[in-house]
Structures are given as structure tokens and as C-alpha cells.
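> Have a look at this prediction, sequence included:
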Amino acid sequence: MAVFFAPAGAAGIRASPSKSLSSLTTKIQSVQRFLLQRGTICCLASASTATVARKGIHNQEKHKLASQSKANILARHAANAALNIPLPAIAMRGARDLGADEPFYPLDERIIAGAADAMESGQTHYVDVPGIPPLREAIAEHLNADSGTSWGSANILVTAGMQEARFLTTQIIGAQYASIAVPAVAHPGLRKALGLKRREVLSLPDEPERGFLPTLEGIAAALENGCRLLYLESPSRLSGAVYSASQVARIADLLAQHDAAAIWDAGLARWVADGCSSLAAQAQESVAVIGEAWHGSGLGAWLVGAIAAPTDWIAPMQSQKQIMAICTSTASQYAALAASEIIGETQQQRLAQMHAQRAAAVVLAGELGLDILPGAAENLLALRLDASGRGKLAEAGIDFAAGEDFGAPDTIRLNIGAATIAALETLA
């Protein structure tokens, strides 16, 4: 830093030698102090600018790293075949959409009113994470009446649809076990839920002639080899096949022998005319039951599912749900509550109608030489079909669920409805 001094006799400096020197010295010191202060400020400003610059570079690097991390995660997800499995539509989008998970049914006005009344009364905020108490009670009562269980509201967790129920049970209950044994043929949502985390997944051998249900021998072998958690569908989400009462009893015995547990998807049970045996009725302390709230009531797209499980299993799933989704829509829960009060009014009528439609479809399929898979659920029909047959359905504007997404190539699933016969007629 250069310092310039004014010569003697310059303006503002007296000529007296002693006084001039003293005055000059004072001025020089003042200037030096000022310049030093200014220099310090400049240094500090330079340091501050450098710090900001360094922070800017650091933030850019952090942003670059975050972007790269995000890109890496997306790349891993894109490479994860399980996460990219297509899922069937939740509910039918039209008469010719026979591939959806739920059959079409118009919403009862009382269900709509239940949602509207809830919103008008201010029920537009977050509800209790496990679900509104009256809906949990209604679900527990429904399960107890249909399957002989003794669940209470504390055993019920309302979920944002069936897929969240699959995720919470397989991930949270599954975290307690080294492995999980699942059907070789199951709803694709199961593999999608399992694909989010690396774990040992065992495939249970099935019987195509029994609607792809896992064999009892395969279940026993998995347990004997050390697996302690099963995931089973009854009815099957592809074929509608169910385990008999004696087979369910045998599975319960196997769980007890090996101190094992099970996740039991019973979402389609209400479509089995003669009833469907529940594993939870015989092993309630080691079974979690999952399903939609009132499957086929028209609430499919409203995303209301449920888990019934021992309370010590409910707590960690509830915590995870609070982190992940907090709760399903308040209006949806009140709509489901309204549905619970009226669902029984048309149940037998709808079952009889579907039974007649399915029986007619099976007869026609037999006449056409089609290979129908056995199933007890009246809401769907599974059959073997090659690419040529699929092409005919596509040309006719008929949507179907592709069996390969479930793990069963050359198989399709059709909903039972007004267009099912027309769909089969295109295959003539």
C-alpha cells in the first residue's frame, strides 16, 4: 500500500519546524490509521467475498452432488425391473375395460353424501394416522363377521389403497424376518412393493391346475428351510382360486410348528359365494390380513385399504405410514364409513348376478375350446390365451390384465361384467 506525504509548506501545514513536524506526524498517523483501517476493511471485505465465493462453489458442488445422487437413484429405479412392472388399473374405466382390479359399480348416493357431509362439517384436515375410529371399528366388525376373527379397532390400520397395504406389511413386518416366501404367481403390486428394498425373496411353487395357488408342500419346504414369513393370496388375484378350509388349517399348523408368520391377502373374499376360509381365524396372533375397504363398492379410485394385524405389528406400520403418507383422504374415509353401513344391502344380489354371468362365460369358453383356470371368486375369470387371441381382444377394444405381469405368461384375466360374453365371442 503506497502512502504519499504532502511537502512542507503545502496547504494546511504550518511552516514552524517543530509544530509543523508534530502536526505532520499527527496527520501521518491519522492517515496511516485511516488507511490501515480501510485496508483492514478491504481485507475483511476481500475475505468475505472469498468466503461467499467459496460457499457459492460449495453450494454448486452440493447441488451437483444432489443432482447426481438424484440421477443415480432414478437410474437405479429405472434398472429395477420390479419397480417398472405395470399394474392393472384400480377400477374399470368403461364397460370394455375388463382388466382392472375392481369391477365397475356406480357409487351409491349415500356414499357420496357421506363424503360431502364430512367436508361440509370441516373434516378436511388430517385425521388420526391409523384412520378415523368409526371406520376402523366397521372394518374390524366386517372381518370378524365374515372370517371368524376377533379383531378390535386397535388392530386396524386404514391405508391409502391396497398398494400401501402391500408395502407396509412386506416392508415393516418383513423387516423382522431374514426372508419372505411369496407365490410365484401373484398380483404385480407385490413384486413392486418388495422391489423397493433388497431382501431374500423365495418363490413358492404353484399348481396351475389349481389356479396358481402355492402348494402346501412348497409352503412346508420353505418353512423347513428356515423361512419364517409367508405372503399368500386367497382368493388368488389372478384366478380367484381359494384354499379350502382343510388347507387353511394345514397352513396354520405349519405356522405354529415353525413359529412363523404370514401376510394374508383376502381382498377378493367377498366375491366367494360360499365363503372363504381365513388364516387369521386360526392363527390371529401371527397373521396380518390385507384388503380393500369394500372391494367393488365403487370406491376403488378413492384408495381406501386396510390392514388387520396384532397391535405390536400395527405400531411400526403406523409410524412408517405417518412418515410416508400420513393418512388417506378424510373424505374417502367417511365415504368408506357410509359404504360399510349399506354394503350388505346388495351383496347377495350382486353375487347372484355375477355368478350367473361367470357361469355363462365358462360355458361359452368351453364351447370355444378355451382353457379356463379354476377359480371361486365370482368377479373374475382367468384363461389361457396366446398372442393371436390377445390381438383379437385388442382389435375389439377389450382391455384385459396380462398374466405375465402376475408371473403367468399366456394367461389373461377378465372382469365379470356386461361385456365379458362379448369379449369371449371375439375369440370365436
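Nice, I can see it.
> what's the strand or helix carrying A116 packed up against?
Here A116, judged by DSSP states H and E, is contained in helix 109-120. Applying 3 or more C-beta pairs under 8 Å, 6 or more residues apart in numbering; DSSP states H and E, we find helix 109-120 packed against helix 330-367. Any C-beta I mention is one placed from the backbone N, CA and C, and that applies to glycine too.
> Beyond the helix it packs on, next helix or strand please.
Next element after helix 330-367 (DSSP H and E): strand 380-384.
> what mean pLDDT does that next one have?
Mean pLDDT, strand 380-384: 97.
> Direction-wise, compare the next helix or strand after the helix holding A116 with helix 330-367 and give the angle.
With elements assigned by DSSP H and E, the helix or strand that comes after helix 109-120 is helix 133-147. If you take axes from the mean of the first three to the mean of the last three C-alpha atoms, to 10 degrees, helix 133-147 sits at 30 degrees to helix 330-367.
> Can you give the contact residues for helix 133-147?
Contacting residues not belonging to helix 133-147 are listed as 130, 149-153, 155-158, 266, 269-270, 275-278, 280-281, 289, 293, 306, 308, 333-334, 336-337, 340-341 [C-beta atoms under 8 Å, 6 or more residues apart in numbering].
> list the contacts for L229?
173-174, 176-177, 179-181, 260-263.
> 6 Å instead?
177, 180, 261 (C-beta atoms under 6 Å, 6 or more residues apart in numbering).
> out of those, which is most surrounded?
I180 (24 neighbours; other C-beta atoms under 10 Å).
> Kindly confirm my reading that it forms part of a strand.
Yes: secondary structure assignment (DSSP: H, G, I helix; E, B strand; the rest coil) places I180 inside a strand.
> And the pLDDT at the closest residue to it other than its chain neighbours?
Counting by C-beta to C-beta, 6 or more residues apart in numbering, L229 is the residue found nearest to I180 once chain neighbours are left out, at 4.6 Å. L229 carries a pLDDT value of 99.
> ok, now A361?
97.
> does it really touch A422, like I thought?
No: contact criterion C-beta atoms under 6 Å: A361 and A422 do not qualify, at 10.3 Å.
> Between the two, which has more neighbouring residues?
A direct count of neighbours by other C-beta under 10 Å for A361 and A422 places A361 higher, at 21 against 14.
> Just the pLDDT for the residue lying closest to the more buried one once chain neighbours are set aside.
Excluding the flanking residues, the one nearest A361 by C-beta to C-beta, 6+ apart is T420, at 5.0 Å. Note for T420: predicted pLDDT of 96.
> Pull the number of nearby residues for T420.
23.
> can you map out the helices along the chain?
17-79, 109-120, 133-147, 162-168, 188-194, 216-224, 245-258, 311-324, 330-367, 387-395, 403-406, 420-425 (DSSP state H).
> ok, back up a step: quick check, nearest of the contacts of L229 to A82?
I180 (13.4 Å; C-beta to C-beta).
> Give me the below-cutoff pLDDT ranges for this protein.
Filtered on pLDDT under 70, the chain yields the residue ranges 1-74, 76-79, 81, 325-328.
> Walk me through the domains of it.
Using automatic domain parsing, the domains assigned to the chain come out as 1-79, 109-343, 344-425.
> ok, back up a step: and the helix holding A116 with helix 330-367, angle?
Here helix 109-120 points in a direction 160 degrees away from that of helix 330-367 (the same axes, to 10 degrees).
> which residues sit against helix 109-120?
331, 334-335, 338-339, 342.
> Sort out which of these are buried, if you could.
Applying 16 or more other C-beta atoms under 10 Å to the contacts of helix 109-120, the neighbour count classes 331, 334-335, 338-339 as buried.
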